[in-house]
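A.B. asks: Sequence and predicted structure are below.
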Amino acid sequence: MIELEDKELIEMLRNPLQREEGFRILVNEFKKRLYWHIRTLVLVHDDADDVLQNTFIKIYRNVGKFRGESALFTWMFRIATNESLSFLKTRAKKMNQSFEDVQEERARNLKSDPYFDGDELELRLQEAIARLPEKQQMVFRMKYFQEMKYEEMSEILGTSVGALKASYHHAKKKIELRILNSAEG
Amino acid sequence: MKKTDENRNGLRVPEDYFASFDTRLMTRLKADSKKGMNVPEDYFEDFEVKPPGNRPDVRKLVWLAAAASILLFFGVKYMDTNQTTLDWTDLEQEEIGSWIESDLMELNAFEIAEAYPDVELNAPNLSNEELNAYLNETELEQILYEN
């Protein structure tokens, strides 16, 4: 989406007479990309659906505060990331577990998830990712599954490109090692 | 690995999920926006309008008002004014109320610092946990929506 379209869409969303129409256009344009971003982070479809709805509701309610210092896409991805992380952390707190423990359990449950039809390798990959520290999980999932550029990730996560590259490198090494170990075991 | 709109890396979505998403979202958005002004179910069905005969007698109200005025007059006249001095706790409550009502909450930290150049704030006794909770839940989320 070019910058002018961003501006037009934001103007529509801020105009009470065009707000609903603008929101429908925005939802239609971004729902799939935002859904897959969220789903990659929370893994379970029903949770991804909830988080996606919350994300769009927050976008609708807060678009008036958006100053346009970043692209609309980046702003929305940041909200979606924040909502996904909040959801997972709340879940961890309720279950009195760590973020990594919750993710590991969710990855293990994929085997019986009706909306997961991956093979054994995909399952083992998800389990290996789930054991990474929070930041490395985020970076790896965004880079590997969503094929995001480091520059985009840098804007969304507010982390330098160098730090993201280092996180991805460490994550990749750990995952390779875990998959090899689990294959041998 | 397969990457379509309906299936990515083994993760897939229910049939017609994206096609029906917009309608479900709009329904929830409308339901959420009504949440602030709800009435109990069947409220209007059980609602009773009092008949005109139950209206209060205006003449009685005049007498009541007159009696209340007299009481108020003596109350103010003989009230111990020393008891009305505000302590810090009262002032704080008053100030906070006025602050909120005057929309001064909209000022940012820099504007407040400019408005009160001579005032120095003492660091409050906040634990690290409280400070982190505040930063996590309040400021950062607002910053997120603005940029």
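C.D. replies: Yep, it's here.

A.B. asks: burial measure for residue 59, as a count.
C.D. replies: This is for chain A. 22 (other CB atoms under 10 Å in any protein chain shown). Glycine gets a C-beta too; all of them are placed from N, C-alpha and C.

A.B. asks: actually it's chain B I care about, not the one you picked
C.D. replies: Close neighbours of residue B:59, defined as other CB under 10 Å, add up to 8.

A.B. asks: do the one 3 residues further on as well
C.D. replies: As a burial measure, residue B:62 scores 10 neighbours (other CB under 10 Å).

A.B. asks: Quick one: name the residues of chain B near chain A.
C.D. replies: Contacts of chain B with chain A, taken as CB under 8 Å from any CB of the partner chain, map to B:1, B:5, B:7-14, B:17-18, B:21-22, B:24-26, B:28-29, B:32, B:141-142, B:144-147.

A.B. asks: which helix of chain B spans the most residues?
C.D. replies: Criterion DSSP state H: the longest helix present in chain B is helix B:58-77.

A.B. asks: tell me which strands and helices it is in contact with?
C.D. replies: With contacts defined as 3 or more CB pairs under 8 Å, 6 or more residues apart in numbering or on different chains; DSSP states H and E, helix B:58-77 has no packing partner among the helices and strands.

A.B. asks: coming back round to it: now a ChimeraX select for only the buried ones of the residues of chain B next to chain A.
C.D. replies: When burial is assessed using 16 or more other CB atoms under 10 Å in any protein chain shown, the buried subset of those is captured in ChimeraX by this command:
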select /B:7,8,9,10,11,12,13,17,21,25,29,141,144,145,147
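
A.B. asks: From the residues of chain B next to chain A, which land in strands?
C.D. replies: Counting by DSSP state E, the residues of chain B next to chain A place B:7-8, B:11-12 in strands.

A.B. asks: Tell me the one of the residues you listed nearest residue A:151?
C.D. replies: Nearest to residue A:151 among those: residue B:8, at 22.4 Å, using CB to CB.

A.B. asks: Report the contact partners of the residue lying closest to the closest one once chain neighbours are set aside.
C.D. replies: In space, and not counting its chain neighbours, residue B:8 is closest to residue A:36: 6.0 Å by CB to CB, 6 or more residues apart in numbering or on different chains. For residue A:36, the residues meeting the contact criterion (CB atoms under 8 Å, 6 or more residues apart in numbering or on different chains) are A:145-146, B:8.

A.B. asks: With residue A:22 instead?
C.D. replies: Applying CB under 8 Å, 6+ apart, one finds that residue A:22 lies in contact with A:9, A:11-13, A:15.

A.B. asks: let's see it at 10 Å
C.D. replies: Neighbouring residues of residue A:22 by CB atoms under 10 Å, 6 or more residues apart in numbering or on different chains: A:8-15, A:60, A:63.

A.B. asks: any idea which helix or strand carries the closest residue to chain B within chain A?
C.D. replies: Of chain A, the residue with the smallest distance to chain B, taken as CB to the nearest CB, is residue A:118 at 2.0 Å. In this structure, residue A:118 sits in neither a helix nor a strand according to DSSP states H and E.

A.B. asks: got the contact list for it?
C.D. replies: With contacts taken as CB under 10 Å, 6+ apart, residue A:118 has the following neighbours: A:110-111, A:124-126, B:1-2, B:7-12.

A.B. asks: could you pull out the helices for chain A?
C.D. replies: Using DSSP H, the helices of chain A run over residues A:3-14, A:19-42, A:45-62, A:72-94, A:99-109, A:120-130, A:134-140, A:150-157, A:161-184.

A.B. asks: Mean pLDDT for those helices - can I get that in CSV?
C.D. replies: Formatted as CSV, the entries for the helices of chain A read as follows, by pLDDT from 0 to 100:
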stretch, mean pLDDT
helix A:3-14, 82
helix A:19-42, 94
helix A:45-62, 96
helix A:72-94, 94
helix A:99-109, 93
helix A:120-130, 93
helix A:134-140, 94
helix A:150-157, 94
helix A:161-184, 92
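
A.B. asks: Out of those, the one nearest residue B:60 is which?
C.D. replies: Closest among the helices of chain A, using CB to CB: helix A:45-62, at 49.7 Å.

A.B. asks: Run through the neighbouring helices and strands of the closest one.
C.D. replies: Helix A:45-62 sits against helix A:19-42, helix A:72-94, strand B:11-12, helix B:17-34, helix B:140-146, with contacts defined as 3 or more CB pairs under 10 Å, 6 or more residues apart in numbering or on different chains; DSSP states H and E.

A.B. asks: Let's see that with 7 Å instead.
C.D. replies: helix A:19-42, helix A:72-94, helix B:17-34 (3 or more CB pairs under 7 Å, 6 or more residues apart in numbering or on different chains; DSSP states H and E).

A.B. asks: angle of it against helix A:19-42?
C.D. replies: An angle of 140 degrees separates the directions of helix A:45-62 and helix A:19-42 when computed by axes from the mean of the first three to the mean of the last three CA atoms, to 10 degrees.

A.B. asks: ok, then the element right after the helix-or-strand element of chain B with minimal mean pLDDT?
C.D. replies: Lowest on mean pLDDT, DSSP states H and E among the helices and strands of chain B sits helix B:109-115, with a mean of 60. Remark: after helix B:109-115, the chain's next helix or strand is helix B:128-134, criterion DSSP H and E.
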